[in-house]
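[1] for reference, the sequence and a predicted model appear below.
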Amino acid sequence: MTQLQPMAEFPFYFFAFLTVLAAAGVVVNRNAVNAALCLLLSFMGMAALFVLLEAYFLAVLQVLVYAGAVAVLFLFVIMLFDVKGGDPRKPYQKVAAVSGLLALALLITGVLSLAKHSQLTAAAPVTTTVVGSDLKDYGYLLFTKYLLPVEMTGFLLLIAMLGVAMLGRKQGKETGASIQEAGGGRPETGGRRLETGDRRDSLSESRVP
Amino acid sequence: MIFSLSSSIFHFPLALAVTSLPAEVGINHYLLLSALLFAIGFFGVLLRRNTLVVYLCLELMLSASTLAAVAFSRFNGTMDGNIFVFFIITVAAAEVAVGLAIIVALFRLRHTVQLEELTALKH
């Protein structure tokens, strides 16, 4: 494609095409489970690109958090809902055309601005020190320069955990009447990740005597 | 088609720089890939009608932006972009948990996740 030597650019193009194809699979797949699996493949390709960028720790983190936790959580929820894929019932040709045009305009704008104002092309050297591979640097920076963001992120994780616990609760008496009349009387099929253990305990306790 | 078109636009001003570079994929390749992934995710957000798939595409857009941040950090020779992406991944995990909990609550309330049926604010 370019004048670059094929040996050096082959892994980049391989993983780039893998990532882009998997991302396109997320968009075009009618089945939501297949879309989530394509997203997982795209995350794996992006982790490989992180390896090529010598950010090894972030590659491991991408596999662990995104491909491990996020994609599995998505698959869990999709299989919990048992919805039929969610493809549009009638073809959204106008919407598809407009959104495709918008996405293409976004892409063209980005590429043109990149081509016009790319000042980093001359400053794309072979950096002698590998910056992203040293875990000691991570630890040092996280506990000196970025100490406040670390604390705030920990607090954010706590808040997110409490929020998910609140959202996943069974609707009590403090919720609105419309929620009760819409969701009341139906047997709970699932969706509560945090309370099933308690309910199972209470069930087993009620069965024991 | 899109890729070949944009790369032909993209490589034209880059041809001078490419010849002087060592045999290496530069930052612009990564930025182009990031923009492409972002556009694909944007397309999916606009096009799809399932809330879960829209959320998947949002995650794709977020991940594409982290790729650009890592590429900038690598070619700038500093660690700060990597730290930034570290925080982004942490926050994204929390965000996915909360968002999926909201979608589960929505499904429990309305028994659908199709966007064209969630028109409570329209009426």
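    Looks like it arrived, so ask away. Just so we're clear, the structure is a prediction, and the values are computed from it rather than from any experiment.

[2] for chain A, what's its nearest residue on chain B.
    Using CB to the nearest CB, the closest approach of chain B to chain A is made by residue B:50 at 2.7 Å. (C-beta placed from N, C-alpha, C; glycine too.)

[3] which phi and psi does that residue have?
    Dihedral angles of residue B:50 (phi, psi; degrees, to the nearest 10) stand at phi -100, psi 130.

[4] likewise residue B:114?
    The phi/psi pair for residue B:114 (degrees, to the nearest 10) is phi -80, psi 130.

[5] and residue A:170, that one's in a helix?
    No. Applying DSSP: H, G, I helix; E, B strand; the rest coil, one finds residue A:170 to be coil, outside a helix.

[6] number of residues surrounding it?
    With neighbours defined by other CB atoms under 10 Å in any protein chain shown, the count for residue A:170 comes to 12.

[7] check what pLDDT it gets.
    Listed pLDDT for residue A:170 reads 71.

[8] ok, residue B:61 next?
    pLDDT at residue B:61 comes out at 94.

[9] quick check: the gap between it and residue A:28.
    As judged by CB to CB, to the nearest Å, residue B:61 and residue A:28 stand 16 Å apart.

[10] what of residue B:50?
    Residue B:50 is 13 Å from residue A:28, by CB to CB.

[11] who's more crowded, the two?
    Ranked by neighbour count (other CB under 10 Å), residue B:50 and residue A:28 place residue B:50 first, with 23 against 15.

[12] from residue A:18, how far out is residue B:27?
    20 Å.

[13] neighbour count: the two, which is higher?
    Neighbours were counted for residue B:27 and for residue A:18 using other CB under 10 Å; residue B:27 has more, 20 against 17.

[14] so what's the backbone phi/psi at that one?
    Per degrees, to the nearest 10, the backbone of residue B:27 is at phi -70, psi -30.

[15] wait, it sits on residue B:69?
    No. Residue B:27 lies out of contact with residue B:69 (CB atoms under 8 Å); the separation is 11.6 Å.

[16] now for residue 43, how many residues are close by?
    I'll assume chain A. 24.

[17] let me rephrase: I mean chain B.
    Residue B:43, neighbours per other CB under 10 Å, totals 24.

[18] pick out the residue closest to the middle of chain B.
    Geometric centre of chain B, nearest residue: residue B:61, 1.8 Å, by CA atoms, centre = their mean.

[19] OK, contacts around that residue?
    For residue B:61, the contacting residues are B:37, B:38, B:41, B:42, B:45, by CB atoms under 8 Å, 6 or more residues apart in numbering or on different chains.

[20] in terms of helices and strands, where is it?
    helix B:51-76 (DSSP states H and E).
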